[in-house]
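# Provided below for reference: sequence and predicted model.
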Amino acid sequence: MKYPAVLWTLFAMIMMSVMASAAQAAQLEGLRQWTDSDGTRLVFDLSSEAKADVFTLDSPDRLVIDLADTTLNTTLGSAVDGRGMVRDVRSGVRDGTDLRVVVELDRKATPNAFKLPPGGGHGYRLVVDLAPGESGGGTSSSGGGDPITAMIQQQEQAARSRLSGNRTGSTPPVSNEPTAESRQTAKPHPRRDIVVVVDPGHGGKDPGASGPGGTHEKNVVLQIGKRVKAKLDAMQGFKAYLTRDDDTFIPLRGRTRIARRHHADFFVSVHADAGGSTSPRGTSVYALSQHGATSERARWLAQSENRSDLIGGVDGDLNLDDKDQVLRGVLLDLSMTATVNDSLSAGTDVLGRVSNFNKLFHSRVEQAGFVVLKSPDIPSLLVETGFLTNPSEERLLNSPAHQDKLATAIAQGIRQHFLRSPPPDSLLAWQRDQNRGGASNEYRVQPGDTLSGIAASKNVSLAALRRANNLDTDVLRLGQVLKIP
Ligand SMILES: [Zn+2]
């Protein structure tokens, strides 16, 4: 079978829930562009949710965005400012009702696309991040450490191995020349380890909270963090790294950079709390909030944990009045909906396990604007293991047995989350599929899939496929398993 020279880097359908009534035609109302040293971000403003296919083509290098049932209600060219990778933008009607936007690029680029629901003064958005460089298999681009690039590379490999398979339907008609990519045969499943970066809070000149008995937060959280790493390393299919394994100071963004360098699937920052009096006690788990803190306490705590960078003298990133910071915040805000949902899911698993042996200070995962959790693409949690300011909890936090229980709860909670939704190329995903016995009436969603494409390749109608899976939306998520009627 022949396929066009397409790098399928399709992150289609990113897990936003859609109303069943979203069939109404959408309008593309605007395009915004930012460029910085990491690449170019394009934000497509839409009047309502629209199904989107995003992929790249080469010779010449282009980014293509197909928006289902969408009309153009803006002048796209005005968004092009000559900076970054974008040369020109044009659009056309496709299949009668769909809109195709073609972005001409001045070099090869790797896209990462996701949708955002209305928020922050904007309506529905489709965001496409373009990282420079071709993401061909094995030829990692010079930067190396960018997890978005890495993730897309993995997905491309998966997609490419399928290109010799049964894709039909949604391949765009652009070129008849098969490429080396499209001729490649299927690769064995990578069965890779899920990477967790464990971040013991504070360190060095930043001691964190202190207890009446003289315990410093930086020391107990290092001990607990090392135990979390050991527990995860002992689990099949997991590999853990520490941001620090001694008493050194690392700025908050340095910690997330370490997570990126390791291509982390998950980031967990371990802390111990301080209360206004000796009475508060118990564990709490926090995820990032994009829109304000869930409680006054969460807001206060975020401010206090974020202060770490002020101690370290790298406060430039933290001045909220700084224009750069505002822009950065907006950009971060755009990226995080999907990862925050994963963080909340894992955080709930951790809390459930801690509740078996310790009091919970908050029974649900709280949210606030923690700088250390602001990795747009890595689900992240901050665990306040307990209150150092409470004398009996200070004693507990110093006890190896209690530290071990906390570490077990954190590691197992994270594992539980990944058992539920493993990355498609992970050992856990492979094991899950083996256990299913490869039933032929099931299909696992791969990068680049659309519901209509799957229906076509399985020779079933779209309606029957929707019905068999109780779908009220055509939005798929990677790894989702569909029943084929
Ligand atoms: Zn702390």
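That came through fine.

# can you give the domain ranges for the chain?
The chain breaks down into these domains under automatic domain parsing: 6-183, 194-420, 430-483.

# just name the most buried of the ones you listed.
domain 194-420 (a mean of 20; mean count of other C-beta atoms under 10 Å). Every residue, glycine included, has its C-beta placed from N, CA and C.

# does the ion sit close to that domain?
Yes - counting by C-beta under 5 Å from the ion, the ion is contacted by domain 194-420 at Gly201, Gly208, His271.

# any idea how far apart the tips of stretch 442-450 sit?
By C-alpha to C-alpha, to the nearest Å, the extent of stretch 442-450 from end to end equals 15 Å.

# go ahead and measure how far it is from the middle of the chain.
18 Å (C-alpha atoms, centre = their mean, to the nearest Å).

# from His122, how far out is the residue in the stretch 351-485 of the chain positioned nearest to the ion?
Evaluated by C-beta to the ion, the stretch 351-485 of the chain has Glu384 as its residue closest to the ion, separated by 7.3 Å. Glu384 is 32 Å from His122, where distance means C-beta to C-beta, to the nearest Å.

# hmm, back to that, ok so the residue of the stretch 351-485 of the chain closest to the ion is a helix residue?
No - under DSSP: H, G, I helix; E, B strand; the rest coil, Glu384 sits outside any helix and is assigned strand.

# in the sheet, who's paired with it?
His271, Ser284 (DSSP bridges).

# hang on, the earlier thing: with mean pLDDT added, can I get the domains of the chain in JSON lines?
Output for the domains of the chain, formatted as JSON lines (pLDDT from 0 to 100):
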{"stretch": "domain 6-183", "mean pLDDT": "65"}
{"stretch": "domain 194-420", "mean pLDDT": "84"}
{"stretch": "domain 430-483", "mean pLDDT": "78"}
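
# how near is the residue in the stretch 51-200 of the chain that the ion sits nearest to to Val268?
Ranking the residues of the stretch 51-200 of the chain by distance to the ion (C-beta to the ion) places Pro200 first, at 9.5 Å. In this view, Pro200 and Val268 are 10 Å apart by C-beta to C-beta.

# from this structure, which residue is nearest to the ion?
His271 (3.4 Å).

# picking that back up, show me what the residue of the stretch 51-200 of the chain closest to the ion is bridged to.
Beta-bridge partners of Pro200, as defined by DSSP bridges: Val270.

# wait, the residue of the chain closest to the ion touches Gly386, no?
No - look at His271 against Gly386 with C-beta atoms under 8 Å: they stay out of range, at 9.6 Å.

# residue boundaries of the strands in the stretch 201-350 of the chain?
Here the stretch 201-350 of the chain has its strands, by DSSP state E, counting those that start in this stretch, at 238-242, 266-273, 284-288.

# OK, contacts around the residue of the chain closest to the ion?
Gly201, His202, Gly208, Ala209, Glu217, Val221, Glu305, Leu382, Val383, Glu384, Thr385 (C-beta atoms under 8 Å, 6 or more residues apart in numbering).

# which of these lies closest to Glu442?
Taking C-beta to C-beta as the measure, Val383 is the one of the contacts of His271 closest to Glu442, at 35.7 Å.

# please name the residues that touch the closest one.
By C-beta under 8 Å, 6+ apart, the neighbours of Val383 are Val268, Ser269, Val270, His271, Thr283, Ser284, Val285, Tyr286, Val350, Leu406, Ile410.

# give me the pLDDT value at Ser421.
On pLDDT, Ser421 comes in at 87.

# returning to what we had before: need the contacts of Val383 in a markdown table (columns: distance to Ser457).
Below are those laid out as a markdown table (distance: C-beta to C-beta, whole Å):
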| residue | distance to Ser457 |
| --- | --- |
| Val268 | 39 |
| Ser269 | 43 |
| Val270 | 45 |
| His271 | 48 |
| Thr283 | 47 |
| Ser284 | 47 |
| Val285 | 41 |
| Tyr286 | 43 |
| Val350 | 39 |
| Leu406 | 47 |
| Ile410 | 41 |
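
# what's the closest of the residues you listed to Arg466?
Looking across the contacts of Val383 and measuring by C-beta to C-beta, the closest to Arg466 is Val350, at 34.9 Å.

# report the contact partners of the closest one.
Taking C-beta under 8 Å, 6+ apart as the test, what Val350 contacts is Val285, Leu381, Val383, Ala409, Ile410, Gly413, Ile414.

# I figured the residue of the stretch 51-200 of the chain closest to the ion hits Asn219, correct?
No - here Pro200 does not reach Asn219: they are 9.1 Å apart, not a contact under C-beta under 8 Å.

# helix/strand/coil for the most centrally placed residue in the chain?
Residue closest to the average C-alpha location in the chain (C-alpha atoms, centre = their mean): Asp377, at 3.2 Å. Asp377 carries the three-state label coil when classified by three-state DSSP.
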